[in-house]
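Engineer: Predicted model and sequence follow; I will ask about them next.
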Amino acid sequence: MREVYSLIVIAICITVIVILAFTHIPEVFWWGQIIVQLIMLGIAVDVTMGLIKEREEVGR
Amino acid sequence: MVHWGTAETIFTTLGVYFAIVLAIGFIVEKYVKNLADYILGGRRLGPYVIAFSERASEMSGWVGLGLPSEGFTSGINSTWNTIGCFYADLMCWTVISRRIRRFTESVGALTIPTYLEARLGEDRGVLRITSALIIVLFLSAYVGAQFLASGKVFSAIAAVSGISTNLKLWIAIGAIVMIIYTVLGGFFAVCWTDYVQGWWAVIGLVLIVSAGLAAIGGPANLFNLMAHTHVGKSGLTLLSLNNFWGYSYGGALLLIIMLSYIAIGFGWPGNPHITVRFMGIKRPKDLKKAALTAMILLLVVYYLAQSAGWIARVTPDVASSIKDPEEALPMLALKHLNPILAGVVLAAPIALMMSTADSQLLVAASAIVEDIYRKTFKKSLEEARLVLWSRIVTLVIGIAALIWALFFGKSVYYFVLFAWGGLGAAFGPIMLLSVLWRRLTPSAAFAAIVTGASTIIIWKSYSKGWIFCPGGNYNAQLPLLAASVPIIVFVVTFIGAYLIERDGVKGLKAAVVAALVTTAFWVPWVYIRYFVDPKYSAWWYELLIGFPTATVVAIVTSYFSTPAKTEHVERAFRLMETPTPSELGEVSKGSEVKEVAISEIDYVKNFVLARGLVK
């Protein structure tokens, strides 16, 4: 299910960025998309960290 | 104009680059002992090499020349490329990578067609052979396009340097170097050269962007200059968010263009030269390091590449000397850097093209040798002979692509987007569904492949005005266009599903369902384009319709076709979650987990061995 959540979050992020673009304020769009992507990278770390935790649990 | 001495220095730097990648091919040749080594590096590569290879394989001339060109013409809107690509790559790493890495090791699958066959339990070879043929078709065009692109870069450099501008000569030089190291070293050579090429691209882009920013007064001044740099004829600037290619778009068309850019990302999970990288990593637990490295590399390279285009546009002496926007990066380098550094920068796009073409060449060769030749005709060849055959096939495909580039290739990006979209729509949906959804059936997967590939081929041909467009009138034959794809899907799916199901009625049922679903997506797409954009002035990327259509076809057709045995599917999914034989070496001996995992692996291995799916 973790992967499905990440797909949902990705879809939400892209929607947010499209909405930011329709503000027609370049700075809002530019910095907004960078911030959203960095947050997503953090979530990706959590997802991949989760894989390792899961494997360690399986190992135990 | 650069003087002859300067040109010599630039070409010497390029020669050093070629010498490095060739040396890698000769060095790693001795490590190739069997087919698994040649196709997948024996799954012995570390996370950083795999991460760089995955990135370099994707970042072709599109990133090296196309993205600076987008930045040059569309300004801040070139960011949409990065947005679509970032999320797509993230999705592949988090959703697909670990599952196919574990599964393919457990069942011994070396290629994507074999993975699909083993995962879906299809034992007649229909899915495998169809997948392999589609991969060879699209990737061969892709390789040829990369050869052509690298030749154009060389030729452009030669033109400003006063050396021979013979395009064919430069195409041949780049292609021959790449073919040699790929034939010699296989996956090892491809990944290690990708690693070098990835670093080369990063360093080159950092150099040129730093020099360019210094020349315009630093990064703080860049947005200010962009806001005052006018493009097109309607008061647009590089910071106008409705400016694409110098034309103003609003409302629905603006949304379509944004979504088309994002839809480029749909190609990720389906392009085998990228997804096969996940299968080559040594330890699945290292996927975390690899994913983070790849994602950071993507952001750095994409933002630098588009920034190079912005800087070229706001620097008057550079902008005024550029005739073709794709010259933005080379011109910036020639204007701002000394010859040695310019050589480093100019080798960057060539490195990106070669790193993509070598990966595609290897995947196309493996599709022929592993998926068609060995499994269909010669199942018990010695490993040494299989490696020899792989090298011969790699050479033949490489030469064929070179001939295409020399004598028939004209438009680079037409073929790049065509091949990217074709593979993305054909394989992307079923790659995702195969790791997430148990109900996916072999017939539905076949229908999705046909739907994705035919959608891309028909829409691209229509967009170019080759079909259903008499006299350049895009609206003259809309009913024929609307009927074309559903008819193709019906006929081909019926043949494939009949062979898979071994039952004419079941085959017909799958074909009817697939054709109806395709109609439900394709016909509205055709007529929405007509009503929203009657002159067909915006960019309607075929993946925007191909990927969703193929996805829904796969899902709905699955409910109307025969699934694999529940036991097989459940065990396949457990294998994706279970530590692999290589991981088990790290689990304490005699643990219950190890015994359970070995039992699961044995079951699926026996299943596929009994059907001759893998060796």
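Structural biologist: In hand now; what should we look at?
Engineer: Apart from its chain neighbours, what residue comes closest to B:Ala515?
Structural biologist: Spatial nearest neighbour of B:Ala515, excluding adjacent residues (Cβ to Cβ, 6 or more residues apart in numbering or on different chains): B:Phe490 at 3.8 Å. C-beta here means a position set from N, CA and C on the backbone, and glycine is covered the same way.
Engineer: Within range of chain A, give me the residues from chain B.
Structural biologist: Counting by Cβ under 8 Å from any Cβ of the partner chain, the positions of chain B adjacent to chain A are B:76, B:79, B:83, B:86-87, B:90-91, B:93-95, B:98, B:223, B:227, B:239-242, B:255, B:258-259, B:262, B:284-285, B:287-288, B:291-292, B:295-296, B:299, B:435-436, B:578-579, B:583, B:586-588, B:591, B:593.
Engineer: got a list of what residue 41 touches?
Structural biologist: Since you didn't name a chain, this refers to chain A. By Cβ atoms under 8 Å, 6 or more residues apart in numbering or on different chains, the residues touching A:Leu41 are B:90, B:292, B:295-296.
Engineer: Switch to chain B, please.
Structural biologist: Counting by Cβ under 8 Å, 6+ apart, B:Gly41 makes contact with B:186-188, B:191, B:280.
Engineer: what about it, distance to chain A?
Structural biologist: From B:Gly41 across to chain A, the span is 22 Å (Cβ to the nearest Cβ, to the nearest Å).
Engineer: B:Leu575 too?
Structural biologist: 13 Å.
Engineer: With B:Gln306 instead?
Structural biologist: Going from B:Gln306 to chain A by Cβ to the nearest Cβ gives 11 Å.
Engineer: Okay, and that residue sits in which element?
Structural biologist: B:Gln306 belongs to helix B:287-314 when assigned by DSSP states H and E.
Engineer: List the buried residues in that helix.
Structural biologist: B:287-295, B:297-299, B:301-314 (16 or more other Cβ atoms under 10 Å in any protein chain shown).
Engineer: Stretch B:218-233 now?
Structural biologist: By neighbour count on 16+ other Cβ under 10 Å, the buried set for stretch B:218-233 is B:222-223, B:225-227, B:229, B:231-232.
Engineer: what about the residue nearest to B:Ile467 when sequence neighbours are not counted, how many neighbours?
Structural biologist: Closest residue in space to B:Ile467, ignoring its immediate chain neighbours: B:Ser461 at 4.7 Å, by Cβ to Cβ, 6+ apart. B:Ser461 has 16 neighbouring residues, counting by other Cβ atoms under 10 Å in any protein chain shown.
Engineer: go on, B:Leu499?
Structural biologist: 17.
Engineer: Pull the contacting residues for the spatially closest residue to it that is not a sequence neighbour.
Structural biologist: Of all residues not flanking B:Leu499 in the chain, B:Val126 sits nearest, at 4.8 Å (Cβ to Cβ, 6+ apart). Each residue near B:Val126 by Cβ under 8 Å, 6+ apart is listed here: B:442, B:446, B:496, B:499-500.
Engineer: do the same with B:Leu386
Structural biologist: By Cβ under 8 Å, 6+ apart, B:Leu386 lies in contact with B:34-35, B:38, B:369, B:374.
Engineer: I'd like to know how far the residue of chain B found nearest chain A sits from B:Ser106.
Structural biologist: Residue nearest to chain A within chain B (Cβ to the nearest Cβ): B:Lys288, separated by 3.8 Å. B:Lys288 is 20 Å from B:Ser106, where distance means Cβ to Cβ, to the nearest Å.
Engineer: ditto for B:Leu120
Structural biologist: Where B:Ser106 is concerned, B:Leu120 sits at a distance of 15 Å (Cβ to Cβ).
Engineer: do B:Tyr31 as well
Structural biologist: Counting by Cβ to Cβ - B:Tyr31 and B:Ser106 are separated by 24 Å.
Engineer: do B:Leu433 as well
Structural biologist: Going from B:Leu433 to B:Ser106 by Cβ to Cβ gives 20 Å.
Engineer: Determine which member of the two has the greater number of neighbouring residues.
Structural biologist: For the pair B:Leu433 and B:Ser106, the greater number of neighbours falls to B:Ser106 (26 against 21), based on other Cβ under 10 Å.
Engineer: Would you confirm that that one contacts B:Glu577?
Structural biologist: No - look at B:Ser106 against B:Glu577 with Cβ atoms under 8 Å: they stay out of range, at 10.9 Å.
Engineer: In the chain, what residue spans correspond to strands?
Structural biologist: I went with chain A, as the question did not name one. Counting by DSSP state E, one finds no strands in chain A.
Engineer: my bad, chain B
Structural biologist: B:230-231, B:236-237, B:243-244, B:247-248.
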